[in-house]
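**Student:** what follows is a predicted protein model with its sequence.
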Amino acid sequence: MHVYAIHQAAGKLVWRSQKLPGATFRGYHPVIAPDGAVMVTVALVMSLDNIQPILFDMVKEIFGDMASWRQPPEVNAKLREMNFRQLAQPETYKRQ
């Protein structure tokens, strides 16, 4: 649960993030914005913790509803399209 930046030509590590919360990057990959910002989404660990629903709602507010293997392919395609539209908005970066 780390994100790494590798210098492509030199093949050397540029930086490594701190350990990210969650269980997996499942279904998403880090996205590099034109300004160099790196956006990462993680799948949260399901638990009985009271903060879990709050964190999940925060992620959904920024990134939209999430595609999942539990949903039909056509629903996932629509969700991904909405996610990319939302990620293209400058407000998304500000909220994050």
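**Tutor:** Everything's here; your move.
**Student:** from residue 93, how far out is residue 81?
**Tutor:** 19 Å (CB to CB, to the nearest Å). C-beta coordinates here come from the backbone N, C-alpha and C atoms, glycine included.
**Student:** quick check, residue 57 in a helix?
**Tutor:** Yes. Assessed with DSSP: H, G, I helix; E, B strand; the rest coil, residue 57 lies in a helix.
**Student:** residue ranges for the strands of the protein, please.
**Tutor:** 4-7, 12-16, 31-32, 38-39 (DSSP state E).
**Student:** mind giving me the packing neighbours of the first one?
**Tutor:** Secondary-structure packing of strand 4-7 (3 or more CB pairs under 8 Å, 6 or more residues apart in numbering; DSSP states H and E): strand 12-16.
**Student:** before we move on, back to that, most tightly packed of the strands of the chain?
**Tutor:** strand 38-39 (a mean of 14; mean count of other CB atoms under 10 Å).
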